[in-house]
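J.: for reference, the sequence and a predicted model appear below.
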Amino acid sequence: MIKYIFILTTIISGCANKSSDIKLQGSIDTLIQVVHQNDLSILYNVSIKPREYSIESEKQIVRFQVRLNKKTFSIPVFDGDIPFSKGNYFDLFAYYQLKNIHNRDSAIIQGKDYSDRVMGLYRVLKVHEILGGLPNVGELVIFKLLDGSQILFIPDTSKIFNNKWKESVYLSSKKIDKNLYIINK
């Protein structure tokens, strides 16, 4: 009897691992396709992390973070159920003032366009989190998947200047495409 339970457990475990591997490969294939078809430089300074996310529910994102001139700004996501009053646009105005846009209405229009482009890429990528804005490391974007794996987008390895990070993370990753590297959980 114990022998049968062991065999059944082994089979179930093997099936679960194959399912997980198939999902990971699907995520990798999607990332490769999106990287080849889009300019991801818009994500170099962007960090997106959903809140209150579970497998059963939709990702809930009301804002994302952007780094500019050593400052971090919260930019609203303009779609969805969350209404914004004229006075509640997070750091949108401060962000666009650094880009020499001083008119509130122009900042809202520019912010909505920027937010739509960033969130459009996020949805197409089908990743859990995006971690850009790593000025102490270099020019790269980290995509975090639900299974704990991380995909690194590094278009030019010479622009990674943090040697400690290079040794501990980049060199331990596995290259999966021209500009993509994976770190398994």
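T.: Looks like it came in fine.
J.: where does the protein have its least confident helix or strand?
T.: helix 2-37 (a mean of 60; mean pLDDT, DSSP states H and E).
J.: the residue positioned nearest the centre of the chain: what's it in contact with?
T.: Here the mean C-alpha position of the chain is nearest to the C-alpha of residue 130 (C-alpha atoms, centre = their mean), at a distance of 1.6 Å. Residue 130 makes contacts with 43, 46, 47, 48, 122, 141, 142, 143, 144, as judged by C-beta atoms under 8 Å, 6 or more residues apart in numbering. Heads up, the C-betas are built off the backbone N, CA and C, glycines and all.
J.: please name the bridge partners of it.
T.: residue 48, residue 143 (DSSP bridges).
J.: would you list every one of the strands in the chain?
T.: 46-48, 63-68, 71-76, 129-131, 141-144, 150-153, 174-175, 180-183 (DSSP state E).
J.: got the confidence number for the residue nearest to the centre of the chain?
T.: Residue 130 is assigned 94 on the pLDDT scale.
J.: likewise residue 165?
T.: pLDDT at residue 165 comes out at 83.
J.: cool, the one 4 residues further on as well?
T.: In this prediction, residue 169 carries a pLDDT score of 79.
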